[in-house]
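Undergrad: turn this into a structure:
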Amino acid sequence: SEDQTPVSSINRLKVLPSTYRTIVVEAWCGYVLGVYCGYEYPSTLTSLLALLNCVSSKVDFCGRYGIHITEKEWLSRLPKRIRADNGELKSEKGISTMSASEVASEFVRSYAGDMKSGPESSHHSLHRIADHHAAGSTQGRRRERGETRREQDACRTFDENMPFVIKAILRHNNEEPVGHLLTVEMRQDGVKPTRRAIYEWLLSKGYAASEPTHLDTLLAQCLPKLKGVVRRDGIHVFDPRDDRRLIPNLVYASEWLRASGLSERAARKSLPCEVQLDPQNLAVCYVSKDNRLQQLHRKSNDPLVNELPLFEYLMMTDDDLATFTDMRSSLDSSDAQLYAGNREQNKASRAAKKKSMVLAPAGAMPNGRSNEKRKNRETELELNRMMRLGIDDGQASQTTAEDSKFVKVPPPTPLAASVTADLMAASRRARGR
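TA: The predicted structure is shown next:
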């Protein structure tokens, strides 16, 4: 594990467990070809993701954490022979993936760290440079009696730690002098005493058995597969902890999905599917269709969510669910009060209407016709206007009576308007019969 104690990107008061780091190191000079850091326990998955990082563009990888490099500053190549622990990669998935990529595998027997001293030494070097200077670091040892708990000093998030890990790897590959690794042949060719220069020389001489690999091959083999479902708005992903529950607001779409017709078919019935997702990059996912890997982008109005690892995003949705559950009880109570208030108001209003019907003169009962409702609306608007002007019912009646003494001369009506008015009046009389 990394000697760090990260905190949540959502709430810095929430301390998270230490992350784990898997690195791929060239055996001769110790050049770090790939790395994977995440909250997942070391497994076949984390080892395959580290291999995927070997061939992925390091320019894009470093750019996600604000570090700008060129392709030559961190080469992207896949070794043709891998020596690994007698554990993580030694599984059916790991062996089949390496066979599909034409990579030979060798597994070190248990408790034989001397047979892979290069990676172990690189791990310790990265710990000293990147981890031990971070707030809340474990310093690679257990807390002694009387020392402050590391959780009290923890204050840095995973994304704040990663730039220092990357800078430590770049220093390890490009700057750290390793004169003891230079051979006579290298010295004759004027090779600089850095791991990058030595590794480039090994490649040029054919001493290093590695080559670029088609990225889609490793993407299809290395990325974890999650259950999903195609709906009209895109592909929704199920929670890996419970395949009956969709991860909230994790929806992916692309032009390919629309052009394929799957979205239209899913409008009638949801279609099950399988997606492949990098746990450290929620911005994109992949779907294998017709032996081709299709890339889809996440639909979101919050771009910062794409920077969260899947582990933290699931924690955030769990916290939201707990908050909504607590709010639901008070909301149900408020809804019950609103329902009871509506019932009481209906009861009181019906009683008032019944009283008005008893006191109303004969022939004054409403018949519910549209023209009568429109007339009542005009009367109601006039009364409301008078009330806003501060005129009570008596004054309003007197004002209406005084206004009736004056005869208003309407402006001349055009012929077309007169004919239209006559037609509308005839239509209203026909409806009233």
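Undergrad: pLDDT weak spots in the stretch 51-200 of the chain?
TA: In the predicted model, the stretch 51-200 of the chain carries pLDDT under 70 at residues 109-121, 123.
Undergrad: with adjacent residues omitted, what lies nearest to L262?
TA: Leaving out its chain neighbours, the residue that sits closest to L262 by C-beta to C-beta, 6 or more residues apart in numbering is V230, at 5.1 Å. For glycine as for every other residue, the C-beta is placed from the backbone atoms N, C-alpha and C.
Undergrad: pull the number of nearby residues for S263.
TA: The local packing of S263 (other C-beta atoms under 10 Å) involves 18 other residues.
Undergrad: checking it next. Helix, strand or coil?
TA: Under DSSP: H, G, I helix; E, B strand; the rest coil, the three-state class of S263 is helix.
Undergrad: wait, it touches W256, no?
TA: No. Assessed by C-beta atoms under 8 Å, S263 is found out of contact with W256, at 10.5 Å.
Undergrad: report the contact partners of G234.
TA: Residues counted as contacts of G234 (C-beta atoms under 8 Å, 6 or more residues apart in numbering) are 251-253, 257, 263, 296, 299.
Undergrad: name the nearest residue to it, sequence neighbours excluded.
TA: G234 sits nearest to A253 (C-beta to C-beta, 6+ apart), 3.6 Å away.
Undergrad: how close does that neighbour sit to D233?
TA: Going from A253 to D233 by C-beta to C-beta, to the nearest Å gives 7 Å.
Undergrad: quick one: which of the two has more around it?
TA: Set A253 next to D233 and count neighbours by other C-beta under 10 Å: A253 wins out with 15 against 12.
Undergrad: between the two ends of stretch 31-51, how far is it?
TA: 14 Å (C-alpha to C-alpha, to the nearest Å).
Undergrad: you'd agree the residue nearest to L262 is up against V275?
TA: No. At 9.9 Å, V230 does not count as touching V275 under the criterion of C-beta under 8 Å.
Undergrad: ok so Y36 is a strand residue?
TA: Yes. Counting by three-state DSSP, Y36 is located in a strand.
Undergrad: any idea how many residues pack against H133?
TA: Burial of H133 is recorded as 10 neighbouring residues (other C-beta under 10 Å).
Undergrad: please begin residue numbering at 699 from this point
TA: Happy to do that; since the first residue is 699 now, the last one works out to H831.
Undergrad: quick check: closest non-adjacent residue to it.
TA: F862 (7.9 Å).
Undergrad: quick check: phi and psi on the one you found?
TA: Dihedral angles of F862 (phi, psi; degrees, to the nearest 10) stand at phi -70, psi -30.
Undergrad: check E842 too.
TA: E842 adopts backbone torsions of phi -90, psi 160, taken as degrees, to the nearest 10.
Undergrad: quick one, what contacts it?
TA: By C-beta under 8 Å, 6+ apart, E842 has no neighbours at all.
Undergrad: next one: N979
TA: N979 neighbours (C-beta under 8 Å, 6+ apart): 762, 1004.
Undergrad: who does it bridge with?
TA: On the basis of DSSP bridges, N979 is bridged to D976.
Undergrad: how about the helices in the stretch 699-848 of the chain?
TA: With helices called from DSSP state H, counting those that start in this stretch, the stretch 699-848 of the chain shows them at 742-753, 756-761, 790-798, 815-824, 848-851.
Undergrad: how about the stretch 999-1131 of the chain?
TA: Taking DSSP H, counting those that start in this stretch as the criterion, the stretch 999-1131 of the chain carries its helices at 1008-1057, 1068-1086, 1091-1102, 1113-1130.
Undergrad: packed most tightly, which of the helices of the stretch 699-848 of the chain would that be?
TA: Comparing those by mean neighbour count (mean count of other C-beta atoms under 10 Å), helix 742-753 comes out on top with a mean of 23.
Undergrad: helix/strand/coil for Q992?
TA: strand.
Undergrad: ok, it to A981 distance?
TA: Distance, Q992 to A981, using C-beta to C-beta: 15 Å.
Undergrad: likewise for K791?
TA: From K791 to A981 the distance is 25 Å (C-beta to C-beta).
Undergrad: once you drop chain neighbours, what's closest to S755?
TA: Spatial nearest neighbour of S755, chain neighbours left out: S774 (6.1 Å); criterion: C-beta to C-beta, 6+ apart.
Undergrad: I figured the one you found hits D758, correct?
TA: No. S774 lies out of contact with D758 (C-beta under 8 Å); the separation is 10.1 Å.
Undergrad: name the SS class of Q974, please.
TA: Applying three-state DSSP: Q974 is strand.
Undergrad: so what's it up against?
TA: So Q974 contacts 917-918, 921-924, 983-986, 991 (C-beta under 8 Å, 6+ apart).
Undergrad: list only buried entries from those.
TA: With burial judged by 16 or more other C-beta atoms under 10 Å, the buried subset of the contacts of Q974 is 917-918, 921-922, 924, 983-986.
Undergrad: ok, the closest residue in space to L747 that isn't next to it in sequence to Y984 distance?
TA: Computed as C-beta to C-beta, 6+ apart, the closest residue to L747 that is not its neighbour in sequence is Y734, at 4.3 Å. Distance, Y734 to Y984, using C-beta to C-beta: 17 Å.
Undergrad: cool, M884 as well?
TA: In terms of C-beta to C-beta, M884 sits 41 Å off from Y984.
Undergrad: nice, that's everything, thank you.
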